[in-house]
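[1] need a structure here:
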Amino acid sequence: MTRRKNTRDKILKAAAELARTEGSAHLSLDAVAARAGISKGGLLYNFPTKAALLKALVQDHIESFGQALEERVAAGESRPMAAEYFRLAVEELEKAKQPPSGLLAALAEDPELLTPVRQFNRRLLDRMKEGSVDDASVLVLFLALEGLRCQKLFGTEVLSAGERALVLAKLGAMLGEP
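    Presented below is the predicted three-dimensional model:
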């Protein structure tokens, strides 16, 4: 791994932590540089603007989820893409880790920074529909899981653990998951 890649990753990690712990309003380039333990010049070398940093946070989130999904599909037992998406989303929802606050920071700064998320989701949905005999079930699955993921992201979860388990069991049954 190159030194620049290490620095870039360090900056992205610091920015995400800062947004998560201090809130997106406190995500300044100075604060990110301090949290990453690098000079502001070093930060600006990698990300010349705050918008570039936020764009990279969004892209990092997309790539991480996309890579995990592709690994599952490649290693899957000929399960449809929708089934792999379901399993990955459920695992993500059940993790105790904090939501990707870089997305919130990007949304607060400029909603257009989330355009790559919309594009990724559209491609994902199209791929899931390609391998499906029931487009309506794929659409319901996608909307329900994305709704649960968004509630976690915004900290607006209202379902009890039992209610969420009930919803996930119903979605799994739609897919024929055990």
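
[2] so how far is the least confident helix or strand in the chain by mean pLDDT off the chain centroid?
    The helix or strand of the chain with the lowest confidence, counting by mean pLDDT, DSSP states H and E, is helix 101-109 at a mean of 75. The chain centre lies 12 Å from the centre of helix 101-109; the measure is C-alpha atoms, centre = their mean, to the nearest Å.

[3] now stretch 36-48
    With C-alpha atoms, centre = their mean, you get 24 Å for stretch 36-48.

[4] again with stretch 31-43
    24 Å.

[5] got the buried residues for it?
    The neighbour-count check on stretch 31-43 (16 or more other C-beta atoms under 10 Å) flags 32-33, 35-36, 38, 42-43 as buried. Where C-beta positions appear, they are placed from N, C-alpha and C, glycine not excepted.

[6] List the ones among those residues that fall in helices.
    Counted as lying in helices by DSSP state H, out of the buried residues of stretch 31-43, are 32-33, 35-36, 42-43.

[7] tell me what the strand or helix carrying I62 is packed against?
    Secondary structure from DSSP states H and E places I62 in helix 50-75. Helices and strands touching helix 50-75, by 3 or more C-beta pairs under 8 Å, 6 or more residues apart in numbering; DSSP states H and E, are helix 3-22, helix 29-36, helix 81-94, helix 101-109, helix 115-130.
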